[in-house]
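# curious how this folds, go ahead:
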Amino acid sequence: MSQNNNIGGIVSRIPYEIWVHIILYLNARERVSLGYSCRQFYRIVFKETKLLRDLDFSPNGYLTSALDIYSCFSRQRKKHIRKLNISNCVTVVLSNLLKTYIKSALNLVEINIQGIKFRDIQDVGTFLQPLTHLQRLSFDWPRQLGAVHYEETTAAKFLYQPFSRLRYLSIIFDNSNFSVEVVTCLQLCLELIELHLFQLSLPVYDYKGIQNLHLIPLPHLKIVEYCGYKSAEVLKIVECFIPEPRLWTDFYMGPYDRVDGFYFEKNVLIIDKSINSEPRRIWLMTSHILLKTLLVKNFEDAPNGYCCLSGEAMKAPCLLKIDEMKSHYINLNKSGMIHEAKQQISYLNMYHPITPECDIHLVAGAFPNLTELVLCNLIKRESVTKPNVHPQRHLKQRNASTEKVGDLMNTNLDSCFKMLVGNTPNLREFRLEAKREFICTRHYHEIWDLDSLHLISGWRNLRALCLSSIPIKDGWFLVQIGRKCTHLEKLELYNMSTTNDCCYTTELSYMVMHLQNLREFTFHEINVGKVSKVFFWLGRNPELRKVSVKSEEPPSDTLCVMTSSIEHLLYCCPKLAIFFCVFDGVHKEYSNELTHTLQRSKILFNRPKLQFQVVAGPYPQNIVYEDLSPLKFPHKLTRSVTM
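Numbers count the residues shown, from 1 in each chain. Below you'll find the model as predicted:
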């Protein structure tokens with residue numbers, strides 16, 4: 001512990017209560033680091049009960065070490081802990097952490113241990129048994145690897161007492177099934193208010209066994225959420241848990257055999273009494289109606305109809321965040337003004353195909369606080385009889401002057417997408433993907449408006465960019481994004497190459513060369529090609545924390561070139577914590593040498609927190625790090641996976 005007199009002098013001049021208030025804004029890992037900086041901070045961080053009640057290590061959880069967590073679990077400190085979140089803190093050792101430390105914090109009311117793998121159901125029950133005050137639990141269901149299988153009555157015996165006290169339950173299924181024993185254990189949660197289920201792998205359901213169960217509604221249940229595969233099948237099971245279906249709202253986003261989740265909530269005020277289905281399916285319809293109403297009430301020159309909010313568009317949902325939609329709907333009954341809602345619209349997910357003459361720029365531009373946008377199917381002009389571009393560029397807000405937004409520089413293109421970029425200058429997260437049904441069409445590669453991809457660089461405040469399944473021919477638009485979007489922190493690219501070898505690896509290396517603030521990098525392709533150049537130029541990003549690369553073919557780089565580029569990356573990026581590569585088809589000697597390079601560099605460059613894995617196969621059996629970010633569930637309906 002440092003005894004820096006200058007720091008101590010500054011700390012002593014500021015009142016104790018003010019320091020406590022300031023430190024409350026830090027996450028638990030940051031508090032621990034601060035506590036070890038000087039004696040005064042040590043006394044505040046580790047002895048103030050307000051700072052020990054709620055410990056959240058989950059932000060960038062892969063940076064959390066076991067020592068960070070152990071520091072908060074001494075005999076005198078652990079009795080004050082009420083909430084603990086260590087989701088995805090993959091550095092911790094399960095047996096020591098759970099059995100010795102967390103298990104002994106008997107006053108825990110809320111805990112999130114998602115990302116930590118239990119051996120079996122008995123392990124879960126043994127851990128939860130002493131926590132008699134626990135009411136909110138988030139964890140991973142044990143993987144079914146064929147070692148031990150429990151009958152449903154045995155599983156219920158292990159979890160009966162802890163589950164009977166729960167009011168909030170969030171479960172992640174990864175290589176585990178929504179089985180009879182799972183359903184049986186859920187039936188124990190008679191006090192449960194919220195249930196959240198997430199399926200990360202393709203499940204196998206035992207419907208015959210589940211149908212033989214006598215399922216009863218959970219009397220206090222108010223929220224049910226599911227994200228993952230086969231949502232239609234899971235819905236049949238979950239509907240049996242819902243009491244009084246006529247009081248529930250199904251935030252319906254399309255046919256359940258096409259979407260990857262559902263969300264139900266009880267006693268929602270926005271229910272239309274004319275809807276007689278049980279539960280009432282209103283979200284898809286209400287999102288459209290709400291957007292139309294807000295546009296008419298707040299803008300004096302709003303058109304009578306919008307193509308992206310038309311009857312045909314109902315087949316392709318326009319989705320809002322549920323909490324934001326409810327907030328606006330309640331305020332709409334009072335005054336209808338956008339600025340009076342508690343939660344302004346910040347997220348918009350449009351499944352409507354975007355053509356040059358579309359009017360999405362009017363809809364998105366009407367919400368100045370829009371920061372997250374999800375689009376799909378950016379296609380060329382549908383017909384020669386239609387105008388090249390929508391005639392109206394902006395909406396004029398009632399009782400307010402509208403500032404003219406200038407056109408993008410250095411381009412001759414003009415389309416609704418160009419106006420969309422100009423109308424949403426505050427956008428921070430953008431996701432563009434090809435709709436599943438769209439990929440299967442014959443002329444999929446021909447009708448994509450690839451020229452408009454160059455316009456993405458107009459979002460100068462962009463922090464996160466995700467592009468998926470877009471049939472590009474080259475990656476020069478990525479270079480433009482790298483030059484102009486200098487604040488980009490998160491980049492994800494999935495399956496965009498239309499050639500056997502990746503057609504944009506070189507341009508991608510130029511892109512990351514221009515970026516200097518990148519923190520997370522994900523690159524998944526059938527064949528990544530000469531990816532060593534990308535690794536080398538990623539070294540220009542000293543804030544880099546995570547690198548994930550997957551390829552179904554071996555890379556084109558020689559072993560010598562690959563090892564030298566990885567060494568350069570580790571040398572230049574001192575904060576790198578996760579390095580994960582899957583190269584299908586490479587020789588085992590190749591992957592072993594890369595692993596040895598990483599091991600050697602970890603010691604040489606003093607990177608104790610670095611975690612890495614190089615897999616020579618189609619898919620790793622034991623992944624060192626599993627990304628549970630909200631992008632796993634692209635709708636981002638309500639809360640993230642973590643509490």
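# for stretch 594-606, give the mean pLDDT please.
For stretch 594-606, the mean per-residue pLDDT is 90.
# try stretch 454-465
What stretch 454-465 shows for mean pLDDT is 94.
# show me what counts as buried in it.
454, 455, 456, 457, 458, 459, 462, 463, 464, 465 (16 or more other CB atoms under 10 Å). To be clear about C-beta, it is placed using only N, CA and C from the backbone, and glycine gets the same treatment.
# run through who's touching it.
Applying CB atoms under 8 Å, 6 or more residues apart in numbering, the external contacts of stretch 454-465 come out as 408, 411, 413, 417-418, 421-422, 424-432, 476-477, 480-481, 483-492.
# taking the residues you listed, please make a ChimeraX selection of just the buried ones.
Of the contacts of stretch 454-465, the buried ones can be selected in ChimeraX as follows, counting by 16+ other CB under 10 Å:
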select :408,417,418,421,422,424,427,428,429,430,431,432,476,477,480,481,484,485,488,489,490,491,492
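# now do the residue nearest to residue 358 when sequence neighbours are not counted against residue 365, distance only.
Among residues not flanking residue 358 along the chain, residue 416 sits closest, at 4.5 Å (CB to CB, 6 or more residues apart in numbering). According to CB to CB, to the nearest Å, residue 416 and residue 365 sit 10 Å apart.
# which of the two has more neighbours?
In this view residue 416 and residue 365 are compared by other CB atoms under 10 Å, and residue 416 has more residues nearby, 26 against 22.
# pull the contacting residues for that one.
Residue 416 makes contacts with 354, 355, 356, 357, 358, 359, 360, 361, 389, 390, as judged by CB under 8 Å, 6+ apart.
# close enough to count as contact, the fifth one and residue 364?
Think residue 358. No - here residue 358 does not reach residue 364: they are 10.7 Å apart, not a contact under CB atoms under 8 Å.
# pLDDT weak spots in the stretch 151-300 of the chain?
Counting by pLDDT under 70, the stretch 151-300 of the chain contains low-confidence residues at 151-153, 204-208, 252-259, 269-290, 296-300.
# show me the protein divided up by domain.
Split into domains by automatic domain parsing, the chain comes to 117-281, 282-448, 463-643.
# circling back to that earlier point, between residue 358 and residue 364, point out the one with more neighbours.
Per other CB under 10 Å, whichever of residue 358 and residue 364 has more neighbours is residue 358, with 25 against 22.
# just to revisit the earlier point, can you pick out the ones from the buried residues of stretch 454-465 that are in strands?
Judged by DSSP state E, those include 464, 465 as members of strands.
# quick check, nearest of the buried residues of stretch 454-465 to residue 175?
residue 464 (27.9 Å; CB to CB).
# gap between the closest one and residue 264?
Residue 464 sits at a distance of 29 Å from residue 264 (criterion: CB to CB).
# which residues touch residue 541?
512, 515, 516, 517, 518, 519, 573.
# pretty sure the fourth one sits against residue 543.
Spelled out, that is residue 517. Yes - if you go by CB under 8 Å, residue 517 and residue 543 touch, sitting 5.8 Å apart.
# overlap of the contact sets of those two?
Residues within reach of residue 517 and of residue 543 at once, by CB under 8 Å, 6+ apart, are residue 489.
# which one of the buried residues of stretch 454-465 is nearest to residue 505?
Distances from residue 505 to the buried residues of stretch 454-465, taken by CB to CB, are shortest for residue 465, at 17.2 Å.
# any idea how far the closest one lies from residue 231?
27 Å.
# and for residue 125?
29 Å.
# would you verify that residue 172 is located in a helix?
No - looking at residue 172 with DSSP: H, G, I helix; E, B strand; the rest coil, it is strand, so not inside a helix.
# hey, what's it bridged with?
Beta-bridge pairing of residue 172 under DSSP bridges involves residue 140, residue 198.
# neighbours of residue 248, how many?
By the measure other CB under 10 Å, the count of residues near residue 248 is 22.
# hey, which helix or strand in the chain has the poorest pLDDT?
Among the helical and strand segments of the chain, the one scoring lowest on mean pLDDT, DSSP states H and E is helix 436-439, with a mean of 56.
# for the closest residue to residue 504 other than its chain neighbours, give its distance to residue 522.
Beyond its immediate neighbours in the sequence, the residue positioned closest to residue 504 (CB to CB, 6+ apart) is residue 475, lying 2.8 Å away. Residue 475 is 15 Å from residue 522, where distance means CB to CB.
# go on, residue 324?
In terms of CB to CB, residue 324 sits 27 Å off from residue 522.
# go on, residue 60?
Taking CB to CB, one finds residue 60 at 15 Å from residue 522.
# same thing with residue 533?
Separation of residue 533 from residue 522 (CB to CB): 17 Å.
# and what of residue 477?
From residue 477 over to residue 522 (counting by CB to CB), the distance is 18 Å.
# what does residue 105 give?
35 Å.
# list the contacts of residue 493.
By CB under 8 Å, 6+ apart, the residues touching residue 493 are 466, 467, 468, 508, 522, 523, 524, 525.
# top of those by neighbour count?
residue 508 (26 neighbours).
# mind listing what that residue touches?
Counting by CB under 8 Å, 6+ apart, residue 508 has contacts 475, 478, 493, 523, 534.
# now do the helix or strand it falls within: distance to the chain's middle.
Following DSSP states H and E, the helix or strand that holds residue 508 is helix 505-514. The chain centroid and the centroid of helix 505-514 are separated by 25 Å, computed with CA atoms, centre = their mean, to the nearest Å.
# what angle separates the helix or strand following it from helix 505-514?
Where DSSP H and E defines the elements, the next helix or strand beyond helix 505-514 is strand 520-525. Here strand 520-525 points in a direction 180 degrees away from that of helix 505-514 (axes from the mean of the first three to the mean of the last three CA atoms, to 10 degrees).
# tell me the strands beside strand 520-525, with direction?
Sheet pairing of strand 520-525 (DSSP bridges) gives strand 490-494 (parallel), strand 546-551 (parallel).
# residues making contact with it?
So strand 520-525 is in contact with 489-497, 502, 508, 512, 531, 534, 538, 544-552, going by CB under 8 Å, 6+ apart.
# what average pLDDT does it get?
Rounded mean pLDDT across strand 520-525 is 93.
# just the helices in the stretch 501-643 of the chain please.
505-514, 532-538, 559-572, 588-604 (DSSP state H, counting those that start in this stretch).
# of all those helices, which one is nearest residue 189?
helix 588-604 (43.3 Å).
# quick one: the residue nearest to residue 476 when sequence neighbours are not counted from residue 478, how far?
Nearest non-adjacent residue to residue 476, counting by CB to CB, 6+ apart: residue 507, 5.6 Å away. For residue 507, the distance to residue 478 equals 5 Å [CB to CB].
# so those two - more neighbours on which side?
Legend: neighbour count by other CB under 10 Å for residue 507 and residue 478, higher for residue 478 (27 against 18).
# now for that one: which residues touch it?
Here residue 478 is in contact with 504, 507, 508, 510, 511 (CB under 8 Å, 6+ apart).
# go on, residue 573?
538, 539, 541, 542, 543, 544.
# ranges for the helices of the stretch 351-500 of the chain?
For the stretch 351-500 of the chain, helices defined by DSSP H, counting those that start in this stretch occupy the ranges 360-365, 416-423, 436-439, 444-447, 476-484.
# just the CA atoms of the longest one, as PDB, please.
This points to helix 476-484. The C-alpha trace of helix 476-484 is given here as PDB (Å, rounded to 0.1, in the frame of the first residue of the first chain):
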ATOM      1  CA  TRP A 476     -12.700   0.600 -48.500                       C
ATOM      2  CA  PHE A 477     -15.700   1.900 -46.600                       C
ATOM      3  CA  LEU A 478     -14.100   0.500 -43.500                       C
ATOM      4  CA  VAL A 479     -11.000   2.700 -44.100                       C
ATOM      5  CA  GLN A 480     -13.200   5.800 -44.300                       C
ATOM      6  CA  ILE A 481     -14.900   4.800 -41.000                       C
ATOM      7  CA  GLY A 482     -11.500   4.300 -39.400                       C
ATOM      8  CA  ARG A 483     -10.400   7.800 -40.500                       C
ATOM      9  CA  LYS A 484     -13.500   9.700 -39.500                       C
END
